[in-house]
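Asker: can't give you the sequence, but here's the structure:
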């Protein structure tokens, strides 16, 4: 899995560079983002704007990460579009996750 991180204000922006989030990368995705939380990064934006396909195993990994963030931090999903956004809507996870169209929109959302 190709993955990069950068800091934007108080948030760590973790960007998934792969086009597919599926069962092949779900465990690594969960482990790498969990490590960010464990390293003290309690406010994370997961930028999935490059992702064009996501399956239920990756969605399950995201739910686990949201539970890990709990009341001590944030996990905001950024850049879901196309069939990836449709998956969030179909499963009603768009009501569970805080979601934004891009990093700037997410920063504006948390600043408000």
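Answerer: Done, it's in. Remember, it's a predicted structure, so these values are computed and weren't measured experimentally.

Asker: which residues of the protein score low on pLDDT?
Answerer: 112 (pLDDT under 70).

Asker: What are the boundaries of the strands in it?
Answerer: 3-8, 11-16, 20-21, 43-47, 53-54, 74-78, 98-100 (DSSP state E).

Asker: Need those in TSV (columns: mean neighbour count and distance to residue 91).
Answerer: To be clear about C-beta, it is placed using only N, CA and C from the backbone, and glycine gets the same treatment. Shown next, in TSV, are those (neighbours: other Cβ atoms under 10 Å; distance: least, Cβ to Cβ, whole Å):
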stretch	mean neighbour count	distance to residue 91
strand 3-8	13	24
strand 11-16	21	19
strand 20-21	20	14
strand 43-47	23	16
strand 53-54	18	11
strand 74-78	21	13
strand 98-100	18	13
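
Asker: Switch those strands over to a markdown table; also include distance to residue 65.
Answerer: What follows is those, written out as a markdown table (distance: least, Cβ to Cβ, whole Å):
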| stretch | distance to residue 65 |
| --- | --- |
| strand 3-8 | 13 |
| strand 11-16 | 10 |
| strand 20-21 | 12 |
| strand 43-47 | 8 |
| strand 53-54 | 14 |
| strand 74-78 | 6 |
| strand 98-100 | 13 |
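
Asker: how much space between residue 19 and residue 60?
Answerer: With distances taken as Cβ to Cβ, to the nearest Å, residue 19 is found 19 Å from residue 60.

Asker: I meant residue 78, not that one.
Answerer: Residue 78 is 19 Å from residue 60, by Cβ to Cβ.

Asker: swap in residue 85?
Answerer: Residue 85 is 18 Å from residue 60, by Cβ to Cβ.

Asker: Counting neighbours, go ahead and name the busier of these two.
Answerer: Comparing residue 85 with residue 60 by other Cβ atoms under 10 Å, the one with more neighbours is residue 85, at 17 against 13.
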